[in-house]
Every structure is written in structure tokens, then in C-alpha cells.
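Participant: can you look at this prediction? I've put the sequence above it.
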Amino acid sequence: MVRVRFAPSPTGYVHIGSLRTALYNFLYAKKMNGSYVLRIEDTDQTRYVEGSIENLINCLVKTGIVHEEGPFIKGNDIEEIGSFGPYTQSKRLNIYNEYIEKLIEKDWAYTCFCSQDRLAEVRDQQKAKGETPKYDGKCRQLSKTEVEEKIKSGDPYVIRLKLPVDTIISFEDMVRGSIVFNTNDLDDQVLIKTDGFPTYHFAVVVDDHLMGITHIIRGEEWLPSTPKHVALYKAFKWEEPKYVHLPNILNDDKKKLSKRQGDVAVEDFLKKGYLPEALINYIALLGWSPDSEEEVFTMEELIQKFDLTRINKSGAVFDRNKLNWMNSIYIKSMENKKLVELITPYLLDTDIILETDFQEKPDYIQMIVETFKEKLNSLSDIVPLVNDLFKEEINFDDEMKEILKGESVPELVKVLTSEIERLDTVTPENIKKIFKIIQKEHGIKGKNLYMPVRVITTGETHGSDLMMIMSILGKEILLKRINSLILN
């Protein structure tokens, strides 16, 4: 059975690239009726960020990428579920100790006592000669007695992988095909650090094997490390999984997506009002293409269509304009009732909408959402739209001033004022009746009617449905703006 895993480090926010890796693992597992596992790789305790595991799980759940095995949030606690646990590496130290002893016995690992100062000096010398910096193997030939004496005397040490000399290591990548390395170009990777914790390179192999992982789907930055992992599989005589290295997600400058270029954290996009379904749909297409011209998919449709053979080799640019477009598609297709529910926190961020309005004026709230729905790229876009509509002062530009110089404008203003004053409440139906009166009884029609009214009441020449906008503004503000124009 297909078993895949997403294995992030708890070092802070969830990167967009990490979300895509999780998504591809999830999609493939579901497509193949397999299992999707979440594992926490926290062996580098210096990088651990408090609360990041909870944040990670919450982000994955919000976006619909829910694992079957691994840590789950239960109340205020984190509980691990599954038959292959623990799923947090810091809880598996006894397992790593057992397997590192086996490697040493097989002469595939050795103890290294070189100091950081010496390692830095070796690297500097190699760089000066134009060589690839790597460990020079000084401790490879230490006898068992020498090792025991140094450990007994308290010398700090690490345990390194003992790669065979001048040996070809090859593996098949499902995206890139056959990959070949010579061990002379590789480093004797540290497997166990001085603090007794395993490095990623050791723990990942042990865990993937013991958890029955069949396919490793991860970012291409891990490609140079894979031959070391392959060497460990060979050392243990374990069956290797299949490898799938995903292309990088790039900024506009074609460099790897980074925080320096703007928001890259999943939670930032969710806070701004990008819908989880739209975000998932968009990132699914960053590095993978379906066998059709379609671009909008539900999660179920993505599962049905997902195919590892259609993952691209080249990096995909994270186009925020394309994401905005896709998010707007999802917003426009959403039922107004559901949209009101989701957009409520953002409406409360405006200068206009109060919490009591949702109970006392639900139809008014729905009218606002319905009116601006077509203009939203994200839910947070409602805030500037509403605030701008209710701005205290309207400043007319040259184009607007020209419109207001129309010969029918004085009569239009007079009739508009009088008709609005008669209304108890302003509704789209009432405004429609007023426009019909102006057209029929005063002969003011088309652009001569709608353009001046829009400029006077909104300070814009274009915008959302005028009757809805005037209804949202209400009688008091409409008359105030018309009177302000007359006085000026």
C-alpha cells in the first residue's frame, strides 16, 4: 500500500512551499487509496519555535490537508494517533541509538572528534584550492581502542556516515529520471550530533523505513542529500522508497520564494481572506499540470486528476495576480449567506459596521456583501471598499468636474434632492423609481443621468451597482453629499 509522509520541522510559520509538499503527498495518498502521515522532525532543538506544531496542524486542517497518522490537537493537548509512532523525532532517540550502533558494527559509520575550529580550517584550505568543502576523513581510521579512550576522557564527538571511496551511487527520481553521484564528491555526513540527537539525514531514513514509507515526495533542495540517504538504505539492506523531488516555487525574479519578497506564510494568506479552497487550488498548479485546460478544481477533483508523472522539472513562479484571480472566482461563486459568515471579521474592521448591525440589520449587511462581491480578490478587500464609500469628504477630479458641468445637472440635482427627501428608507427599488421619474418627467437619461448621480453620491466615475450603493449610503448621507455639492 502507498504510504507517504509530510515531515516538517517546527521552526515557525508554514511556508507556501511546505503547504504544496504536504498537498502533493496528500493528493497522491488519496488517489492511490494509501495513507498520508504527518511526522514532526524536531531533532534540531536550537531551531524549535514554541507553538509552531499547533500552528502547523491548524494550517493543514484549515486547508483540508488532514493526515490519518501523526500528531493531532485534542483540546489543549497534542495527541499522537497511529501504529508507527512516536511521530515526533525527539521522542524516538532510543530508536536512533539502536540503529546507529548497527551502522557502526557494519563499519558504515565512525566516531569523529574533530573540533569546529579544525573543521573550519579544513574547509577554508579546500576553498582556497578550489575544492568542494567537505570533511577530510581524519577520524575514519581511528581504532576501536582510540575511540573508547577519547570517549572515556570526555572528548566531544559526532558520528559520521562512512561512505565507500570512489563509488557510484544512483537512484531514479520520478520527476528527473536517473540521478548519478560519485561518493568522492560527497561528504561523510554527520549522523549523530554532539548533543546525542540525530541529524535529519539519519533520522529521516530510519523513520521512513520503520514507518513503511513507499514514496518520498519533497522539495528539490533535498536532491543533493538523497545519495547519502540511498547509501544508508544500502548499508541497512533496506528496500528503497521511490523518490519525487518537486521543483522550487519562485518569486517574480525567478529566485526561490522567500520572505524578503513578501508574504510566504500560509497563515498570512488566510488572515488576509484568501479562501483555503482557492489557495489549495492555486498551489496545486505550481509545478503540476492536469491533462486538460481547466484551472479551477475542488479537492476531490484534484485527487482524481493528480498524477506524479505530470509534475514539472522547472520551477513555477508564484504569481500573486493569478492567485487573486482564482480567489475572486471562489468568492463570486459562494452563496451570499456563507460569504457574510466568512467576511464578518473583516466588516468589523471597517470604520462603519458595528457588531450589533449583524443582528439588527442583517439585510443591510447582506446588501453590502452582495454589492462588493464582484470586486473582491480577498475577503479583506471589503475593508477599504466600505471605508472609501463612506469617506467624509469627496474631492472631484477634473473629469468629475466636467461631468458636473453638464447643462442638465442643476435640474437633476434639484429633482434628486426632492425625491430622496420624500423617502422613508432608501432601497434599490425606490432609487429605481426615482430614476424612472427623472427619465420620464424631465427627459434626463443615460449617461446624463447616471454619471452625474454616481459622481455626486460616491465621488467615483465607475463602480458597483449604483442603486445598491445609494441604498447602502442611506438617506442622510445622500442628502448631505448632494447639499454639499449645491453649497460649493
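Facilitator: Received it, and whenever you're ready, just let me know what you need.

Participant: from here on, contacts and neighbour counts on C-alpha atoms
Facilitator: Noted.

Participant: all the strands of the stretch 301-450 of the chain, residue numbers only.
Facilitator: For the stretch 301-450 of the chain, the strands defined by DSSP state E, counting those that start in this stretch cover 316-317.

Participant: what about the helices in it?
Facilitator: Here the stretch 301-450 of the chain has its helices, by DSSP state H, counting those that start in this stretch, at 320-332, 336-347, 357-360, 362-372, 382-389, 398-404, 409-422, 428-442, 446-458.

Participant: the fourth one: which residues count as buried?
Facilitator: Looking back up the chat, that one is helix 362-372. I365, Q366, M367, I368, V369, E370, T371, F372 (16 or more other C-alpha atoms under 10 Å).

Participant: please apply the same query to the longest one.
Facilitator: Burial within helix 428-442, assessed by neighbour count using 16+ other C-alpha under 10 Å, is assigned to P428, N430, I431, I434, F435, I437, I438.

Participant: please name the nearest non-neighbouring residue to the last one.
Facilitator: This means I438. Once flanking residues are discounted, I438 sits nearest to I444: 6.1 Å by C-alpha to C-alpha, 6 or more residues apart in numbering.

Participant: same question, the second one
Facilitator: Once flanking residues are discounted, N430 sits nearest to L423: 7.8 Å by C-alpha to C-alpha, 6+ apart.

Participant: now do the third one
Facilitator: Distances taken as C-alpha to C-alpha, 6+ apart put M467 closest to I431, at 5.9 Å, once the chain neighbours are dropped.

Participant: tell me the buried residues in whatever helix or strand the one you found lives in?
Facilitator: Element membership for M467 (DSSP states H and E) is helix 466-487. By neighbour count on 16+ other C-alpha under 10 Å, the buried set for helix 466-487 is 466-473, 475, 478-479, 481-482.

Participant: who are the packing partners of that helix?
Facilitator: helix 362-372, helix 409-422, helix 428-442, helix 446-458 (3 or more C-alpha pairs under 8 Å, 6 or more residues apart in numbering; DSSP states H and E).

Participant: at 7 Å instead, please
Facilitator: Of the remaining helices and strands, those touching helix 466-487 by 3 or more C-alpha pairs under 7 Å, 6 or more residues apart in numbering; DSSP states H and E are helix 428-442, helix 446-458.

Participant: redo the ones you listed as CSV? Include mean pLDDT.
Facilitator: Output for these, formatted as CSV (pLDDT from 0 to 100):
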stretch, mean pLDDT
helix 428-442, 96
helix 446-458, 95
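
Participant: among those, which is nearest P384?
Facilitator: helix 446-458 (14.0 Å; C-alpha to C-alpha).

Participant: what comes up buried for that closest one?
Facilitator: N448, L449, M451, P452, V453, R454, V455, I456, T457, T458.

Participant: domain parsing for this protein?
Facilitator: Domain assignment for the chain, taken from automatic domain parsing, gives 3-75+249-317, 92-246, 335-389, 398-487.

Participant: what's the most buried one of those domains?
Facilitator: With neighbours taken as mean count of other C-alpha atoms under 10 Å, the domains of the chain reach their highest mean count in domain 3-75+249-317, at a mean of 18.

Participant: what's the first-to-last distance across that domain?
Facilitator: Using C-alpha to C-alpha, to the nearest Å, the end-to-end distance of domain 3-75+249-317 comes out at 29 Å.

Participant: and that domain, how far from the chain's centre?
Facilitator: Here domain 3-75+249-317 is found 7 Å from its chain centre; the criterion is C-alpha atoms, centre = their mean, to the nearest Å.

Participant: on that earlier part again, send the alpha carbons of the helix holding M467 over as PDB?
Facilitator: Presented in PDB, the C-alpha positions along helix 466-487 are these (Å, rounded to 0.1, in the frame of the first residue of the first chain):
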ATOM      1  CA  LEU A 466     -25.400  52.500  -8.300                       C
ATOM      2  CA  MET A 467     -28.800  51.700  -6.900                       C
ATOM      3  CA  MET A 468     -27.300  49.300  -4.400                       C
ATOM      4  CA  ILE A 469     -24.500  51.800  -3.500                       C
ATOM      5  CA  MET A 470     -27.000  54.600  -2.900                       C
ATOM      6  CA  SER A 471     -29.100  52.200  -0.700                       C
ATOM      7  CA  ILE A 472     -26.000  51.400   1.400                       C
ATOM      8  CA  LEU A 473     -25.200  55.000   1.900                       C
ATOM      9  CA  GLY A 474     -28.700  55.800   3.000                       C
ATOM     10  CA  LYS A 475     -30.900  58.900   3.000                       C
ATOM     11  CA  GLU A 476     -28.900  61.100   5.400                       C
ATOM     12  CA  ILE A 477     -25.500  60.700   3.600                       C
ATOM     13  CA  LEU A 478     -27.000  61.000   0.200                       C
ATOM     14  CA  LEU A 479     -28.700  64.300   1.000                       C
ATOM     15  CA  LYS A 480     -25.600  65.600   2.800                       C
ATOM     16  CA  ARG A 481     -23.400  64.900  -0.300                       C
ATOM     17  CA  ILE A 482     -26.000  66.500  -2.700                       C
ATOM     18  CA  ASN A 483     -26.300  69.600  -0.400                       C
ATOM     19  CA  SER A 484     -22.500  69.800  -0.100                       C
ATOM     20  CA  LEU A 485     -22.300  70.000  -3.900                       C
ATOM     21  CA  ILE A 486     -25.000  72.700  -4.000                       C
ATOM     22  CA  LEU A 487     -23.300  74.800  -1.400                       C
END
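
Participant: quick thing: my sequence starts at 37, can you match it?
Facilitator: Shifting the count to begin at 37 puts that one at helix 502-523.

Participant: contacts for that helix?
Facilitator: For helix 502-523, the external contacting residues (C-alpha atoms under 7 Å, 6 or more residues apart in numbering) are 404, 407, 453, 456, 461-464, 467-468, 490, 492-493.

Participant: could these go into a markdown table alongside distance to S151?
Facilitator: Output for the contacts of helix 502-523, formatted as a markdown table (distance: C-alpha to C-alpha, whole Å):
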| residue | distance to S151 |
| --- | --- |
| I404 | 67 |
| T407 | 67 |
| T453 | 86 |
| I456 | 85 |
| T461 | 81 |
| V462 | 80 |
| T463 | 79 |
| P464 | 78 |
| I467 | 82 |
| K468 | 83 |
| R490 | 75 |
| I492 | 77 |
| T493 | 75 |
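
Participant: quick check, distance from stretch 364-374 to the centre of its chain.
Facilitator: Taking C-alpha atoms, centre = their mean, one finds stretch 364-374 lying 21 Å from the centre of the chain it belongs to.

Participant: swap in stretch 387-402?
Facilitator: 32 Å.

Participant: and what of stretch 378-395?
Facilitator: Relative to the chain's own centre, stretch 378-395 is displaced by 26 Å; criterion: C-alpha atoms, centre = their mean.

Participant: residue ranges with poor pLDDT in the stretch 187-336 of the chain?
Facilitator: For the stretch 187-336 of the chain, the stretches flagged by pLDDT under 70 are 295-298.

Participant: and the strands in it?
Facilitator: Assigned by DSSP E, counting those that start in this stretch, the strands in the stretch 187-336 of the chain fall at 194-197, 204-209, 213-218, 226-228, 251-255, 278-282, 285-286.

Participant: reformat these as TSV; add distance to E137.
Facilitator: Below are the strands of the stretch 187-336 of the chain laid out as TSV (distance: least, C-alpha to C-alpha, whole Å):
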stretch	distance to E137
strand 194-197	10
strand 204-209	23
strand 213-218	26
strand 226-228	11
strand 251-255	25
strand 278-282	26
strand 285-286	39
